[in-house]
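generate a structure from the sequence data that follows.
(chains A and B)
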Amino acid sequence: MEKMMYGSEKLLEGEKTASLNKQDVLLKGLEILGEYYSLGLERQDFLDDLRYLEVEAEYYAEKLGHIKKKEKAILDIVNDLRLVDDIIQKYNYKKNALIQILLDIQMQVHWIPGHALRWLSTRLNIPLTRIYSIANFYEALSLEPRGAHLIQICTGTACHVRGAAGLVDRVSCILGVEPGQTDSEQLFTLETVHCLGCCALGPVMVVDGQYYSNPSTKQIQGIAASCKVSREKGEDYAQVEFSR
Amino acid sequence: MPRLNSAADLERFRKDTLAKRDPNKLCVTVCSGTGCHAYGCEGVAEAFVNEIKSKNLQAKVDIRKTGCHGFCERGTVVVIFPEEICYLHVKPDDVSEIVQKTLIENKIVDRLLYEDADGQKVVREGEIPFYKHQNRIIFGNNRFIDPKNIDDYIALGGYAALSKALFQMTPKQVLNEVKEANLRGRGGGGFPAGRKWETTRNAAGEPKYVIVNADEGDPGAYMDRSLLEGNPHSVLEGLLIGAYAIGSHEGYIYVRQEYPLALQNTEIAIEKAKEYGLLGKNILGSGFDFDVFIHRGAGAFVSGESSALMSAIEGQVGEPRPKYIHTSVKGLWNKPTCLNNVETWANVPFIINKGADWFKGIGTENSKGTKIFSLVGKINNTGLVEVPMGITLREIIYDIGGGIPNGKRFKSVQTGGPSGGILPESMLDLPVDFDELTKAGSMMGSGGMIVMDENTCMVDTARYYIDFLAHESCGKCVPCREGLRQMLIILNNITTGKGKEGDIELLEELSEFIQEAALCALGKTASNPVLSTIRHFKNEYEAHIKENRCPAGVCKELISYYINEDDCIGCGLCAKNCPTNAISKSKDKIYVIEQDSCIKCGMCAKVCPEKAKAVVVISPRPVSDTAQVTT
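Numbering: from 1, shown residues only, chains lettered A, B, ... in the order given. Here you go, the predicted structure:
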């Protein structure tokens, strides 16, 4: 693990250079990434993967550009990979712990980025296709970035018979997002889930761990507004920790 | 805590724990299951802690955060022992009054008590009709136990069955006892647990595995979660006994990721049991080793199927495989594996403690013991109920559940989750057991019981289940993947007014085919909701297809909301609550819905005051409406 610590020291240097232009930071980041990445890889693989990562880093920087400093994107990738490494170690490099590892990543990063999938594939020596098929199969794993606030509406049978469909319509009409989608500013993700186990409150909506029983239109508008306020104050990035 | 190294150690520890506890000491228990959590039980518990501290009562009063009491409709539930005073709907603001009146002055806070239909107040929890008609065996200890505290479980006689099995019985005897009791799997299938154990025990291959299936995917069912949350040690003890009988030394508990509290409490339970020497190497000094691991499920309904669940534990996609050879012979990593549901395992300690004869005294001829149901939907007392097998649906729905809210008419009850069927009013006197329900075209399932009233559309319900199953189908076998998709298209057509003559027959044909040809139980039972609704409510299907009419007023495309001019009192609540601003005031100071922008969420009808009830649902939609929309 010493070698990895070396990588992280370099990272700090990277952070200091935030005033450099994007291209420089990207290159600097890739250099660090390269070192980090070479630890577990043969030379040729490393070059292939590096090229891939380069593209992804740029894409990632562009995509998240409007909420984060573009320069930070590359460092985030490195941080994600470090996190993945820690998680793999927790499970002792066991291949059959793959789903547990993916769940841990999902819980900490709130989605499963492509670079994490690739990193897992090389680290655990499992074909990427298999990891992708698992990440795609299970509902708890998201391959798309999530919004800062998770809004869940229960569509279990009990809530359904008590009018969950109407609630979904209402909420998606007010927020302007369909179930399963995240708004363009990555503020909300609206999700329907099957049974939260509080059927007595049905139809029920959960926002960041707070339960609302059949919320009124005003309440929903209030929630949306307060999310926007927290965004303006800059409180919500690095994503709100959803209560477990 | 020193390890318990023998049966005598355990007994001594139990006696010491009991001796330290004064049964007459005041104890405030706050239900902390997920249902009450949603009501804010954390705040209530915190308020109690603060209030008791500020009144300096710490020495006189204990506080315990227990598992789910089951009466979720009236959460947060607070019960004060030893008198068992039960307060319902407790909010943090009520706490200071409870502390002052009940704990200090020994009086009762009337307004928080249960009140029956005649206005009679009920003080003791056990006398509330919801509890009085139940037979709480498996679930009963939940309300006494802090699930994070193993001592609470041991004080109530916990792990005595394990000790009895390890020191007074051979594995064979344990197996025979469970077989004799005729314990049937509570997860849905109802397969005799003893026979399953025996198959695994006799199967060739080592090591053997045991698994707790807590992948409770049925929407509207949450009894397994509450059991694991509220009393994880009972499940663990059952699993240990089973492992001893089967000859297994490694077990898995498969818990859904969506149940964080169950996960947390199970983790703590395992840790504590290890610390006490009740899990791990040389359990209670008997020489028997057993270890257990938690596997978090990542949210796939089909992964609750035994072979799919095992694939998931192996770290693969949780898809079922053909079971020419049962998983009890070749399961996890192709080794003999015994998988049972949470509730099944939790039954085992009771059978060992009290004997098969006691167990056989409860229930019907072929279904013994009790069953926990999650009674939800259009019912007054939503909650978890544990009843002896053989009780009628009517008793569950009316005596325990308190009937249908708002004076509506009962229409049907759905049992068995997405694999089950719908039972109409004429079947209310059906005794609830594995065989009777199957005969009636439904099934026991894991215990979801969803009550529906006259305002529930049966076609929409069938569509809801098929939508769920089509989404959850893993896609491995064609009949399930394609068949359900086609059924969903037909049902979508019917509920949107595009149904054709012959659709019902086509649905029946497809159902039959999927039943025959699908690979696993998900597909084989998927058509039950459709077939049973067609069987009992064919007229509703016909109304949708022939008249474009939804008799229950649910299917959005077939209804319109209107405000009756004569009834509108002009309060404006509907306009305030309309998300699309489709409601406006007309010249006559009454409100009018503009049909073009109405999304039919039904909010106006919900908020319209009881005395006015001016918002009505019209189905089929008036011709002028449909014309407007199409233009």
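
let me see the contact set for residue 132.
Defaulting to chain A. A:L117 (Cβ atoms under 8 Å, 6 or more residues apart in numbering or on different chains). C-beta here means a position set from N, CA and C on the backbone, and glycine is covered the same way.

nope, chain B
Contact analysis of B:K132 by Cβ under 8 Å, 6+ apart lists B:G126.

same check, this time on the one 10 residues further on
Shown in contact with B:N142 (Cβ under 8 Å, 6+ apart): B:33, B:66-70, B:226-227, B:230-231.

any chance of JSON lines for these, columns secondary structure, pLDDT and distance to B:D460?
Below are the contacts of B:N142 laid out as JSON lines (DSSP: H, G, I helix; E, B strand; the rest coil; pLDDT from 0 to 100; distance: Cβ to Cβ, whole Å):
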{"residue": "B:G33", "secondary structure": "coil", "pLDDT": "87", "distance to B:D460": "30"}
{"residue": "B:T66", "secondary structure": "strand", "pLDDT": "93", "distance to B:D460": "38"}
{"residue": "B:G67", "secondary structure": "coil", "pLDDT": "91", "distance to B:D460": "35"}
{"residue": "B:C68", "secondary structure": "coil", "pLDDT": "90", "distance to B:D460": "30"}
{"residue": "B:H69", "secondary structure": "coil", "pLDDT": "91", "distance to B:D460": "33"}
{"residue": "B:G70", "secondary structure": "coil", "pLDDT": "90", "distance to B:D460": "29"}
{"residue": "B:S226", "secondary structure": "helix", "pLDDT": "91", "distance to B:D460": "28"}
{"residue": "B:L227", "secondary structure": "helix", "pLDDT": "93", "distance to B:D460": "31"}
{"residue": "B:G230", "secondary structure": "helix", "pLDDT": "93", "distance to B:D460": "34"}
{"residue": "B:N231", "secondary structure": "coil", "pLDDT": "94", "distance to B:D460": "37"}
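
mind putting those residues into a markdown table with neighbour count and distance to chain A?
Shown next, in a markdown table, are these (neighbours: other Cβ atoms under 10 Å in any protein chain shown; distance: Cβ to the nearest Cβ, whole Å):
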| residue | neighbour count | distance to chain A |
| --- | --- | --- |
| B:G33 | 30 | 8 |
| B:T66 | 25 | 17 |
| B:G67 | 29 | 13 |
| B:C68 | 31 | 9 |
| B:H69 | 32 | 12 |
| B:G70 | 30 | 11 |
| B:S226 | 29 | 8 |
| B:L227 | 30 | 12 |
| B:G230 | 27 | 12 |
| B:N231 | 30 | 16 |
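
from these, which single one is nearest A:G156?
B:S226 (14.7 Å; Cβ to Cβ).

quick one: residues contacting that closest one.
Going by Cβ under 8 Å, 6+ apart, B:S226 touches A:197, B:33-35, B:67-68, B:70, B:139, B:142, B:384.

with B:V123 instead?
Contacts for B:V123 (Cβ under 8 Å, 6+ apart) come out as B:83-86, B:108, B:113.

how does it look with 6 Å?
Applying Cβ atoms under 6 Å, 6 or more residues apart in numbering or on different chains, we find B:V123 in contact with B:I85.

same question for B:Y562.
Per Cβ under 6 Å, 6+ apart, neighbours of B:Y562: B:616, B:618.

beta partners for it?
B:V616 (DSSP bridges).

for it, report the pLDDT, please.
With respect to pLDDT, B:Y562 has a value of 91.

now do B:Q58
Model confidence at B:Q58 (pLDDT) stands at 88.

what helix or strand does it sit in?
Secondary structure assignment for B:Q58, by DSSP states H and E: no helix or strand.

do you know how far it is from chain A?
29 Å (Cβ to the nearest Cβ, to the nearest Å).

is A:T192 located within a strand, as I assumed?
Yes: applying DSSP: H, G, I helix; E, B strand; the rest coil, one finds A:T192 inside a strand.

list the contacts of it.
A:153, A:155, A:179.

so which of those residues comes closest to B:V235?
Nearest to B:V235 among these, with distances taken as Cβ to Cβ, is A:T155, at 28.4 Å.

how many neighbours does that closest one have?
Neighbourhood size, A:T155 [other Cβ atoms under 10 Å in any protein chain shown]: 26.

I'd say it and A:A164 touch.
Yes: A:T155 is within contact range of A:A164, at 4.8 Å (criterion: Cβ atoms under 6 Å).

alongside chain B, which residues does chain A contribute?
By Cβ under 6 Å from any Cβ of the partner chain, the residues of chain A that approach chain B are A:95-96, A:98-99, A:103, A:133-134, A:137-141, A:156-158, A:160-161, A:163, A:166, A:169-170, A:173-174, A:194-195, A:197-201, A:211, A:216-217, A:244.

name only those of those residues that count as buried.
Buried residues within these, counting neighbours by 16 or more other Cβ atoms under 10 Å in any protein chain shown: A:98-99, A:103, A:134, A:137-141, A:156-158, A:160-161, A:163, A:166, A:169-170, A:173, A:194-195, A:197-201, A:211, A:216-217.

want to try a markdown table for the contacts of B:N142, with distance to B:L531 as columns?
Shown next, in a markdown table, are these (distance: Cβ to Cβ, whole Å):
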| residue | distance to B:L531 |
| --- | --- |
| B:G33 | 35 |
| B:T66 | 42 |
| B:G67 | 37 |
| B:C68 | 34 |
| B:H69 | 37 |
| B:G70 | 32 |
| B:S226 | 31 |
| B:L227 | 31 |
| B:G230 | 36 |
| B:N231 | 37 |
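
ok, back up a step: now, which of the residues of chain A next to chain B lie within strands?
A:Y211 (DSSP state E).

distance check, B:P609 against B:E565.
Between B:P609 and B:E565 the computed distance is 16 Å (Cβ to Cβ, to the nearest Å).

on the three-state scheme, B:L384 is what?
Recorded secondary structure, B:L384: strand (three-state DSSP).
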